[in-house]
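Undergrad: predicted coordinates and the sequence they were generated for:
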Amino acid sequence: MLLIHVQQVTPRVSYTFKQICKRILGLDVDLTSKIETFIAHDGPKFSYGKKPLSKELYFQSVDLLFEHGLNDIEIQVFDWENTRCFFEVKHTSSALPFDIFAATFYLLTRYEEYLPHVKDNIGRFPATESIAHTFNFLQEPVVDIWAYKFQEVLLEKYPELQFIDKKFIVIPVISVDQTFTYKNKGILRSIGGGLRDLWNLKFDQFTDRIKVNLGIKKDPFDTFDLIIDLQKQKKRKAKVLFGLGDYSKHEKNIGYNNPRHQSIIKHIADYIDVGLKVSYDAISNASVLNKEKQRIESILNRRLLYALCSFFKIKLPEAYRNFIELEIQEDYSMGYSENSGFRAGTCTPFMFYDLDYEVQTPLIVYSFCFSSLISDRSLKNEESIRMELTSYIEKIRKVNGVFIPVFSNTTFSELENQSYWKSILEFIWNIEDE
């Protein structure tokens with residue numbers, strides 16, 4: 001047990017120390033604001049505050065974890081020991097040159113997304129507005145890197161400390177916008193699609209559409225056998241998230257009550273965890289979200305636990321509050337639509353902290369770093385994508401993190417004319433865990 005003295009045990013303090021010490025490093029800690037308790041403790045301990053109490057191990061703080069609400073914070077990033085950090089401190093006795101706890105809190109809570117910023121064309125917080133992108137550390141899981149440097153400091157002072165190492169794991173995520181390309185679309189949509197193919201001189205697609213609807217050929221977007229076969233060979237904590245929203249400008253899937261659609265979902269759920277790809281309209285509308293939740297629960301005959309927001313549009317804090325209200329336990333939306341990297345600066349799952357209410361919530365956020373849905377992926381070749389993936393895997397493995405790549409079922413379709421995505425998925429599925 002490690003005892004930590006702070007001037008005040010605030011919700012922000014408790015949240016941050018638990019994430020770094022317990023969830024990343026596997027170290028039990030206790031917090032106290034009583035000097036007498038701290039002095040009387042004869043085991044491992046350190047203080048966190050504006051100045052040291054005496055000659056103990058000491059980490060200087062900035063104000064962030066002792067504030068309430070939001071403030072416009074000036075961020076100055078600097079280089080330190082092959083990483084980048086911010087919230088520099090000047091006290092010569094401080095064991096680290098920056099406030100690791102405040103910096104971690106700032107990134108995990110997505111503090112900057114609550115502040116005024118320029119949104120993209122569909123209302124998302126773009127990577128270009130983030131300090132990680134601005135100061136070129138978006139591709140690094142800095143929170144985890146900092147945590148292990150913090151561990152080194154602790155072990156130098158208290159070599160008897162016991163840490164429970166977490167394990168590097170892989171969680172592939174498949175987002176299903178359209179379960180089928182041509183099949184089960186209904187007469188009107190099929191006729192309309194066929195006429196559109198002819199008008200655009202896409203004769204191959206017109207032919208394929210007819211063959212699929214006649215049962216001669218398998219639907220191109222029905223790539224689920226590939227995923228099931230991989231899961232049979234090597235079991236993963238994979239997630240397949242189906243879109244069940246009503247047909248609209250943003251949602252093009254077939255009806256949730258289509259028997260073939262429900263059959264596919266149930267079949268996948270026999271092998272892999274299935275969740276909901278929350279529709280564009282449901283992201284900020286609790287009643288629409290509840291309707292989609294009831295749909296998938298009625299198909300699966302079990303509670304909905306996993307969700308991902310369409311287009312990775314997370315409207316904070318409303319979207320996550322709606323998840324919590326409906327008892328959704330895990331979110332897989334924490335990443336960017338146009339850039340790979342670590343949106344929250346970490347590859348370790350964390351609890352969502354509501355900055356408006358100053359409370360840690362039960363929603364667990366799983367941050368992904370790579371997506372096949374990023375628009376410029378089509379401009380890259382297999383070798384460059386494998387190199388990018390390998391780089392992320394090496395970085396995450398070093399800090400015993402969770403590697404989460406996001407794909408679409410359409411990525412593996414012959415219509416994409418990029419057959420190498422299947423081999424990339426196989427490569428990821430067969431990565432060795434620790």
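TA: Happy to help now that I have it.

Undergrad: the most centrally placed residue in the chain and Ala132: what is the separation?
TA: Central residue of the chain (CA atoms, centre = their mean): Ser367, 1.8 Å from the mean position. Separation of Ser367 from Ala132 (CB to CB, to the nearest Å): 12 Å. Where C-beta positions appear, they are placed from N, C-alpha and C, glycine not excepted.

Undergrad: what's the overlap in contacts for the two?
TA: Each of Phe342, Arg343 lies in contact with both Ser367 and Ala132 under the rule CB atoms under 8 Å, 6 or more residues apart in numbering.

Undergrad: so Gly275 touches Arg302, yeah?
TA: No: assessed by CB atoms under 8 Å, Gly275 is found out of contact with Arg302, at 10.8 Å.

Undergrad: ok, these two, which is more surrounded?
TA: Ranked by neighbour count (other CB atoms under 10 Å), Gly275 and Arg302 place Gly275 first, with 24 against 10.

Undergrad: quick one: the helices in the stretch 51-200 of the chain, in order.
TA: Taking DSSP state H, counting those that start in this stretch to define them, one finds helices in the stretch 51-200 of the chain at 100-108, 111-114, 131-134, 142-157, 187-199.

Undergrad: so for His261, which of those sits nearest?
TA: Nearest to His261, of all these, is helix 187-199, at 13.7 Å by CB to CB.

Undergrad: in the stretch 251-400 of the chain, which spans are strands?
TA: 273-278, 306-309, 330-334, 350-354, 359-367, 370-371 (DSSP state E, counting those that start in this stretch).

Undergrad: any regions of this protein where pLDDT drops low?
TA: 182-217, 375-379, 415-418, 434 (pLDDT under 70).

Undergrad: swap in 50 and give it another go.
TA: 190, 194, 203 (pLDDT under 50).

Undergrad: look up how far Phe86 lies from Tyr106.
TA: Remark: distance between Tyr106 and Phe86 (CB to CB) = 8 Å.

Undergrad: chain center to stretch 82-93, what's the gap?
TA: Distance of stretch 82-93 from its chain centroid, counting by CA atoms, centre = their mean, to the nearest Å, is 27 Å.

Undergrad: ok, residues contacting it?
TA: Contacts of stretch 82-93 (CB under 8 Å, 6+ apart): 51-52, 58, 60-62, 64, 75-78, 96-100, 102-103, 106, 131, 135-137, 140, 142, 145-146, 149.

Undergrad: repeat the analysis, applying 6 Å as the threshold.
TA: 52, 58, 60, 62, 75, 77, 98-99, 102-103, 137, 142, 145 (CB atoms under 6 Å, 6 or more residues apart in numbering).

Undergrad: first-to-last residue distance for it?
TA: Its start and end residues considered, stretch 82-93 measures 22 Å (CA to CA, to the nearest Å).
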